[in-house]
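Visitor: pasting a predicted model and its sequence here:
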Amino acid sequence: MSSPYTIRWGILATGGIAEKFTKDLLLDPSTRQVSDVKHAVAAAASSSSASRAKQFLETCKCPSSAKAYGSYEELVKDPDVDIIYVATPHSHHYQNTMLCLLNGKHVLCEKAFTVNAAQAKKLVETAKEKKLFLMEAVWTRFFPLSIQIRKMIEDGTIGSVHRVIADLSFGQDVENTWGADGAKHRMVNMDLAGGALLDLGIYPLTWCFQTIYHTVPAAQRKPPTVTASIERYTTGADEKTSMILSFPSAPHGKHTAHAIALTNFRVATDPDGHYTSGPAIRIQGTKGEIQVSGPAFRPTHYRFIPAEEDIDPQRVRQGQNPKVKEYDCPIPGQGMFWEADECARCVRDGKLESEGMGWEESVVIMETMDEVRRQGGVKYPETIETTEYPVSL
Ligand SMILES: NC(=O)C1=CN([C@@H]2O[C@H](COP(=O)(O)OP(=O)(O)OC[C@H]3O[C@@H](n4cnc5c(N)ncnc54)[C@H](OP(=O)(O)O)[C@@H]3O)[C@@H](O)[C@H]2O)C=CC1
Ligand SMILES: O=C1OC[C@@H](O)[C@H](O)[C@H]1O
């Protein structure tokens, strides 16, 4: 057996998700039955100081060989780094990713990819021109659970798909949490491209797109029409966003497929915090329905309910429908290693984009979010909507 391909990561930013991702990189791939690729953390950079980057590497228990930088500019020049994970707020993704690409680094950039579709297109053009790998870090798409569900749709198990309903909502006391301290928190701060849509709404949209759009042959994929309703928080960032999408082509059908994507800061998908309130995602076809338990970003369970009527109604009422199939998909860690494995395989194989989260689909999703924001009147400051580079933020 040949030895695994090792990819060397640079971590750009030292916040909450950078820590989770870096810890996942350090897990032994054999714990998830992976033997063809491995990950090394070569360096991390903080925009504030090298000591902050050093502290981050220590917290993540990275090897002492990993370098700590006090600026992103130093990180992108490191010859020992193959790929950079960009984990700054949405507002900074365009500038930070462009910096990496222009310095010859492959990039995995956190969701939402950019602030708008124009920026996403520019990044894609640059990656193409420089022959570098680039992917939006929509980790959920690389879970075995997502892959199994897409396969069930593709092979016709649920028949032709007519509708998907997906929700990711956090019930928050917004004024006293993210809104406290002058509303500087990235969830509501317009200068950081805050709001429910770009932060949480990307997940219900991911479920709509990966089940309805991604599962039809590439040549038949057409962007959806969009009708949206938004309510804004005092900062101008969206706090309630509901979207109805109509996709012209449906998996296994010559008809449209509708999708309802919901996100909200005031009410929760799971009010008791234990996901007892029913599925977060419902994928409805003529032969049955797939129900995915929340949270939409890290689901570990789904069920398939076939559309059959020959079942004793009394047993069904007692929760004993024998035709329902339940699937548990435990995650040995946070679950961000699957997207990292995908990056390693693509770079090893000389691919510039991943089939699981391709450039065209990231751009169409950004265009969808642009239209949702247009209808809801959410506009970010020009410095973060611009495609100009470099701009100091
Ligand atoms: N995939 C997932 O499950 C998740 C993804 N995310 C995504 O990751 C990104 C970061 O989120 P999260 O880690 O929660 O955010 P944090 O606020 O925890 O961290 C962001 C980091 O970015 C750096 N940064 C650089 N410039 C700024 C700035 N002007 N203001 C604030 N931070 C700045 C800072 O690190 P330093 O200065 O040290 O470089 C900071 O620690 C977002 O795009 C978010 O959508 C978030 C949570 C979960
Ligand atoms: O990507 C995310 O998923 C988990 C949420 O808690 C977080 O706000 C969001 O950025």
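Guide: Received, thanks. All values derive from a computational prediction rather than experimental measurement. Ligands and ions are numbered 1, 2, ... in the order given.

Visitor: burial measure for the residue in the stretch 251-393 of the chain positioned nearest to ligand 1, as a count.
Guide: Per Cβ to the nearest ligand atom, residue 297 is where the stretch 251-393 of the chain lies closest to ligand 1, at 5.4 Å. Where C-beta positions appear, they are placed from N, C-alpha and C, glycine not excepted. Residue 297 has 19 neighbours, counted by other Cβ atoms under 10 Å.

Visitor: what number of residues lie near residue 45?
Guide: Counted with other Cβ under 10 Å, the neighbours of residue 45 add up to 27.

Visitor: before we move on, back to that, the residue of the stretch 251-393 of the chain closest to ligand 1 contacts residue 140, correct?
Guide: Yes: counting by Cβ atoms under 8 Å, residue 297 does reach residue 140; the two are 5.5 Å apart.

Visitor: shared neighbours, the two?
Guide: residue 203 (Cβ atoms under 8 Å, 6 or more residues apart in numbering).

Visitor: thinking again about what came up before, contacts only, for the residue of the stretch 251-393 of the chain closest to ligand 1.
Guide: 139-140, 168, 203.

Visitor: export these as TSV, with columns for neighbour count.
Guide: As requested, the contacts of residue 297 are exported to TSV (neighbours: other Cβ atoms under 10 Å):
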residue	neighbour count
139	27
140	24
168	26
203	25
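
Visitor: which pair in the residues you listed has the greatest spatial separation?
Guide: 139 and 168 (13.7 Å; Cβ to Cβ).

Visitor: surely residue 109 is in a strand?
Guide: Yes: using DSSP: H, G, I helix; E, B strand; the rest coil, the assignment for residue 109 is a strand.

Visitor: find the nearest non-adjacent residue to the residue in the stretch 1-150 of the chain that ligand 1 sits nearest to, please.
Guide: In the stretch 1-150 of the chain, the residue that lies nearest ligand 1 is residue 15 (1.8 Å; Cβ to the nearest ligand atom). Leaving aside its sequence neighbours, residue 15 sits nearest to residue 87 (Cβ to Cβ, 6 or more residues apart in numbering; 6.2 Å).

Visitor: now do the contacts for the one you found.
Guide: Residue 87 makes contacts with 11-13, 15, 17-18, 21, 110, as judged by Cβ under 8 Å, 6+ apart.

Visitor: out of the contacts of residue 297, who's near ligand 1?
Guide: By Cβ under 6 Å from any ligand atom, the members of the contacts of residue 297 lying near ligand 1 are residue 139.

Visitor: residues touching the residue lying closest to residue 195 once chain neighbours are set aside, list them.
Guide: Nearest in space to residue 195, with sequence neighbours left out and distances taken as Cβ to Cβ, 6+ apart, is residue 237 at 3.6 Å. Residues in contact with residue 237 (Cβ under 8 Å, 6+ apart) are 187-190, 194-196, 378.

Visitor: distance of residue 237 from ligand 1?
Guide: Using Cβ to the nearest ligand atom, to the nearest Å, residue 237 is found at 13 Å from ligand 1.

Visitor: report pLDDT for that residue.
Guide: As predicted, residue 237 sits at a pLDDT of 98.

Visitor: and if you look at residue 5?
Guide: pLDDT, residue 5: 98.

Visitor: right, and it touches residue 348 too?
Guide: Yes: taking Cβ under 8 Å as the definition, residue 5 is a contact partner of residue 348 at 4.3 Å.

Visitor: which residues do those two both contact?
Guide: Common neighbours of residue 5 and residue 348, counting by Cβ under 8 Å, 6+ apart, are residue 37.

Visitor: on that earlier part again, how about JSON lines for the contacts of residue 87, with secondary structure and distance to residue 261 added?
Guide: Shown next, in JSON lines, are the contacts of residue 87 (DSSP: H, G, I helix; E, B strand; the rest coil; distance: Cβ to Cβ, whole Å):
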{"residue": "11", "secondary structure": "strand", "distance to residue 261": "30"}
{"residue": "12", "secondary structure": "strand", "distance to residue 261": "29"}
{"residue": "13", "secondary structure": "coil", "distance to residue 261": "27"}
{"residue": "15", "secondary structure": "coil", "distance to residue 261": "26"}
{"residue": "17", "secondary structure": "helix", "distance to residue 261": "22"}
{"residue": "18", "secondary structure": "helix", "distance to residue 261": "27"}
{"residue": "21", "secondary structure": "helix", "distance to residue 261": "25"}
{"residue": "110", "secondary structure": "strand", "distance to residue 261": "20"}
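
Visitor: number of nearby residues for residue 21?
Guide: By other Cβ under 10 Å, 24 other residues sit near residue 21.

Visitor: the closest residue to it other than its chain neighbours: what's it in contact with?
Guide: Distances taken as Cβ to Cβ, 6+ apart place residue 336 nearest to residue 21, at 4.7 Å, with adjacent residues excluded. Going by Cβ under 8 Å, 6+ apart, residue 336 touches 20-21, 24-25, 137, 139.

Visitor: which of the contacts of residue 237 fall within helices?
Guide: residue 196 (DSSP state H).

Visitor: which member of the contacts of residue 237 is positioned nearest residue 241?
Guide: residue 196 (5.2 Å).

Visitor: separation between that closest one and ligand 1?
Guide: As judged by Cβ to the nearest ligand atom, residue 196 and ligand 1 stand 11 Å apart.
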